[in-house]
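Novice: no sequence for this one, just the structure:
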């Protein structure tokens, strides 16, 4: 596995990783009183190691119909992974609980109001554009007609899903849902 160290000085405010031309020991010998370099793992392409990246907290709703079908929608154009299928949800804003964020996101994106959300699982996924912590909630009742307010498509799906591609962070959850239902995990 290839990696390089990231140099971070006063002028480096999180831009692309730069390969250090001189080792940290040599830099310390050159200027022992001021060493503005902090070693960080950086993957090729400028991505910083998972240990150094902040999580983006996300509330995700698994809407389940009475027949067991699950609601999935596509990611809108202009967002990372546009066109991929995902469970609806979005970022948790400062001061919000997971349920408050999910309520807000489902109202904004789908035009529905949820009655309640049952916290289910928490997972993490490291995408190239973001390290996300996904707070998965099951939602079994809601009010309102579905409106795709961000231009996305929606489909009710039974397991195994007929739609592809599915956002990678949802794959473990689909396996757990299948396991709960006594179905073989798709793979």
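Specialist: Everything's here; your move. The shown structure was predicted, so the numbers you read here are calculated from the model rather than taken from an experiment. Residues are numbered from 1 along each chain as shown.
Novice: From residue 126, how far off is the most centrally placed residue in the chain?
Specialist: A centroid search over the chain (Cα atoms, centre = their mean) returns residue 132, at 3.8 Å, as the residue closest to the centre. Using Cβ to Cβ, to the nearest Å, we find residue 132 at a distance of 8 Å from residue 126. Quick note: C-beta positions are derived from backbone N, CA and C, even for glycine.
Novice: which parts of the helix or strand encompassing residue 102 are buried?
Specialist: Per DSSP states H and E: residue 102 is located in helix 98-110. In terms of neighbour count (16 or more other Cβ atoms under 10 Å), helix 98-110 has its buried residues at 98, 99, 101, 102, 103, 104, 105, 106, 109, 110.
Novice: same question, stretch 150-160
Specialist: In stretch 150-160, counting by 16+ other Cβ under 10 Å, buried: 150, 152, 154, 157, 159.
Novice: Can you give the domain ranges for this structure?
Specialist: Segmentation of the chain into domains, based on automatic domain parsing, reads 1-53, 55-180.
Novice: most packed of those?
Specialist: Highest mean neighbour count among these (mean count of other Cβ atoms under 10 Å): domain 55-180, with a mean of 16.
Novice: Residues touching the helix holding residue 102, excluding its own?
Specialist: 59-61, 73, 88-93, 96, 112-114, 116-117, 119, 135, 137, 139, 142, 146-150, 152, 154 (Cβ atoms under 8 Å, 6 or more residues apart in numbering).
Novice: Among these, which lie within strands?
Specialist: Among the contacts of helix 98-110, the members falling in strands (DSSP state E) are 59-61, 73, 89-91, 113-114, 119, 135, 137, 139, 142, 154.
Novice: Relative to residue 82, which of these is nearest.
Specialist: Minimum distance to residue 82 across the ones in strands among the contacts of helix 98-110 is 12.1 Å, recorded for residue 73 (Cβ to Cβ).
Novice: rewinding a little: so what sits against both of residue 132 and residue 126?
Specialist: Between them, residue 132 and residue 126 share no contacting residue, judged by Cβ under 8 Å, 6+ apart.
Novice: circling back to that earlier point, output the buried residues of helix 98-110 as a markdown table; include the columns distance to residue 176 and pLDDT.
Specialist: Formatted as a markdown table, the buried residues of helix 98-110 follow (distance: Cβ to Cβ, whole Å; pLDDT from 0 to 100):
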| residue | distance to residue 176 | pLDDT |
| --- | --- | --- |
| 98 | 18 | 98 |
| 99 | 20 | 98 |
| 101 | 22 | 98 |
| 102 | 18 | 98 |
| 103 | 23 | 98 |
| 104 | 25 | 98 |
| 105 | 22 | 98 |
| 106 | 21 | 98 |
| 109 | 23 | 96 |
| 110 | 23 | 97 |
